[in-house]
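Q: next input, structure requested:
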Amino acid sequence: MTRVQLTDLEWEFIEPYLPIGEYGPYPERLRQQFEGVIWRFKTGGQWREMPTEFGAWSTVHNRFRQWLGSSRPCWRA
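A: Okay, here's the model as predicted:
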């Protein structure tokens, strides 16, 4: 089951604000990971409870932490 959180138009707006590190994520996984973060805060679930369709919970959590520390403040909008 796919849990799409964002429309394509919303994603086009958000994607430029998400930094991609030297070693990833690969662009096709970026949206998947971002939607995993949305799932986490929308449901109030624990990171470890995240459905695998968003990727490994630990990877999504680490990516979120990288985004928080980024000079591109996508979470402060």
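Q: rest of the way, CA atoms for contacts and neighbours
A: Noted.
Q: which stretches of the protein form helices?
A: 8-14, 27-43, 57-68 (DSSP state H).
Q: closest to residue 20 out of those?
A: The closest of the helices of the chain to residue 20 is helix 27-43. By Cα to Cα, the value is 8.0 Å.
Q: quick check: buried residues in the closest one?
A: Along helix 27-43, these residues count as buried under the neighbour rule (16 or more other Cα atoms under 10 Å): 30, 31, 32, 33, 34, 35, 36, 37, 39, 40.
Q: enumerate every residue touching the residue positioned nearest the centre of the chain.
A: Centroid-nearest residue in the chain, with Cα atoms, centre = their mean: residue 34, separated by 1.5 Å. Counting by Cα atoms under 8 Å, 6 or more residues apart in numbering, residue 34 makes contact with 60, 64.
Q: switch the cut-off to 10 Å
A: Applying Cα atoms under 10 Å, 6 or more residues apart in numbering to residue 34 gives the contacts 5-6, 11, 14-15, 18, 40, 54, 60-61, 63-64, 67.
Q: need the buried ones from these selected in PyMOL.
A: Restricted to buried positions by 16+ other Cα under 10 Å, the PyMOL selection for the contacts of residue 34 reads:
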select buried, resi 5+18+40+54+60+61+63+64+67
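Q: mean confidence for stretch 12-21?
A: Averaging pLDDT along stretch 12-21 gives 82.
Q: apologies, that question was intended for stretch 29-48.
A: On average, stretch 29-48 scores 92.
Q: same question for stretch 56-76.
A: In this model, stretch 56-76 carries a mean pLDDT of 80.
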